[in-house]
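Student: Need coordinates for the following:
(one chain, ligands or ions: 1)
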Amino acid sequence: MEAEYDAIILGAGAAGLAAGLYTGRAMMKTLILESMGTGGQLLITDLIENYPGFPEGVHGQALAKMMEIQTTRFGPTIEYAEVEAVEDLEKKVKVVRTYDKRYTTKTLIIATGGAHNKLGAAGEDTFAGKGVSYCAVCDGNFFRGQDVMVIGGGDAAMDEGYYLSGIVNSVTVAHRRDELRATKVLQERAFKSPKFKWLWSHVVEEFVGNEALEGARVKDLKTGRVYTYPTAAAFIYVGFHPNSDFVKGMLDMDALGHIHSDLHMRTKLPGVFACGDVRAESTRQLGSAVGDGITAALAAFHYLSL
Ligand code: NAP
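Tutor: You can find the predicted model right below:
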């Protein structure tokens, strides 16, 4: 059986689009399957200041559009559908099924990225979309001039908190330790801003309110005191998990579900590659996702040339 595609790329985030740019330019017939919107994490990122070549920074959505235009110019098509299953990955012709179509391909590049973790606090699901959010760029504007919280102490919490500080009256960061994990430059920027307030060594146990969120029940881990901290919104940035469930048991993964791939982005199965945030040891940076995507595409081309 002849495969329909030379490459199917799962995910149209930065890694997937970069891979598609290279497979397209290598004249490989390429399909990119995306379940949400082209750009992945770029779509929910405001200003990106650490992607080389943009000294003033670049807005995530604008960069996503530029990457999409550049990639599709060289032939790859993008279809919007969720992958239901992948099959026959160990065979020369691999199968990808969405809920209403079946595709065959000689190589598969997995660039499905990941999603922000839930906190797991009581009331989190009840108030999701009513004050609890995982995307400042999407929902920040609803809380213009109000007091909001950010939960977490990593790069995402500091980046998104800084974005919110341009819109809201105040941003209270609730972090479970008394020291941030975020990159120093992001920490310093937040410390300098008069809009930031800090709840060090605090965890959120419950989100409370009536129709919409009104506050968070927080616990001071140093004193044991539990109290309600009023807030119009809570933006949760407590880490990230890979979108890899659909290949569980087929590929090697770490304990958190990141797919193991070598320096060429090759997984243990010939013709199957994993790149970007979904792969183990990814630095989870835009620039490295792009590099991973390019490496995967070159390795896929090499595999087809054997
Ligand atoms: P992260 O670096 O894993 O940070 C998650 C934060 O949430 C940590 O401060 C952690 O606390 C806290 N946390 C985790 N579980 C928690 C829980 N159950 N309750 C309370 N707090 C909890 O995740 P991230 O900020 O999403 O970043 C993920 C990756 O993307 C990183 O590699 C990061 O560098 C990258 N990234 C980079 C940028 C950028 O370069 N501008 C922007 C966004 C993301 P502890 O510190 O105590 O563990």
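Student: got a list of contacts for the strand or helix carrying T71?
Tutor: Per DSSP states H and E, T71 falls inside helix 60-73. Helix 60-73 is contacted by residues 12, 14, 17-18, 20-21, 24, 32, 37-48, 51, 54, 78, 137 when judged by CB atoms under 8 Å, 6 or more residues apart in numbering. The way it works is simple: take the backbone N, C-alpha and C, and place the C-beta from them, glycine included.
Student: can you check stretch 74-90 too?
Tutor: Contacts for stretch 74-90 (CB under 8 Å, 6+ apart): 9-10, 12, 20-21, 23-25, 27, 29-35, 38, 68, 72, 94-101, 108, 246-247, 250-251, 269-272.
Student: And the contacts of helix 60-73, which of them are buried?
Tutor: For the contacts of helix 60-73, a burial check counting by 16 or more other CB atoms under 10 Å picks out 12, 14, 17-18, 20-21, 24, 32, 38-48, 51, 78, 137.
Student: Can you list which of the contacts of stretch 74-90 are found in helices?
Tutor: Counting by DSSP state H, these place G20, L21, T23, G24, R25, E68, T72 in helices.
Student: now the residues you listed as TSV including pLDDT and distance to the ligand?
Tutor: Formatted as TSV, the ones in helices among the contacts of stretch 74-90 follow (pLDDT from 0 to 100; distance: CB to the nearest ligand atom, whole Å):
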residue	pLDDT	distance to the ligand
G20	98	22
L21	98	22
T23	98	26
G24	98	27
R25	98	28
E68	98	21
T72	98	27
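Student: Need the residues you listed in JSON lines (columns: distance to I167).
Tutor: Listed next are the ones in helices among the contacts of stretch 74-90 as JSON lines, based on distance: CB to CB, whole Å:
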{"residue": "G20", "distance to I167": "34"}
{"residue": "L21", "distance to I167": "34"}
{"residue": "T23", "distance to I167": "39"}
{"residue": "G24", "distance to I167": "38"}
{"residue": "R25", "distance to I167": "40"}
{"residue": "E68", "distance to I167": "27"}
{"residue": "T72", "distance to I167": "33"}
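Student: Measure how buried the residue of the chain found nearest the ligand is and give me the count.
Tutor: Using CB to the nearest ligand atom, the single residue of the chain nearest to the ligand is G154, 2.4 Å away. For G154, the neighbour count with other CB atoms under 10 Å is 17.
Student: With Q70 instead?
Tutor: 14.
Student: If I look at it, what pLDDT would I see?
Tutor: On the pLDDT scale, Q70 is placed at 98.
Student: for G154, what are its contacts?
Tutor: By CB under 8 Å, 6+ apart, the contact set of G154 is L180, R181, A182, Y237, V238, G239.
Student: Surely the last one touches H116?
Tutor: By that I understand G239. Yes - with contact defined as CB atoms under 8 Å, G239 reaches H116; the gap is 7.4 Å.
Student: Out of the ones in helices among the contacts of stretch 74-90, flag the one nearest to S288.
Tutor: L21 (15.9 Å; CB to CB).
Student: That closest one: what's its closest spatial neighbour, skipping adjacent residues?
Tutor: Leaving aside its sequence neighbours, L21 sits nearest to T71 (CB to CB, 6 or more residues apart in numbering; 4.5 Å).
Student: repeat for Q187
Tutor: L180 (5.1 Å).
Student: wouldn't M265 be in contact with G271 here?
Tutor: No - between M265 and G271 there is no contact under CB under 8 Å: 11.8 Å.
Student: Same drill for those two, tell me which one is more crowded.
Tutor: Neighbour comparison, M265 and G271: the larger count goes to M265, with 28 against 24 (by other CB under 10 Å).
Student: Phi and psi next, for the more buried one.
Tutor: For M265, the backbone dihedrals (degrees, to the nearest 10) come out as phi 70, psi 10.
Student: Tell me which residues of the lengthiest helix in the chain come out buried.
Tutor: The residue-count maximum for a helix in the chain (DSSP H) belongs to helix 286-305. Neighbour counts over helix 286-305 (16+ other CB under 10 Å) mark 286, 288-301, 303 as buried.
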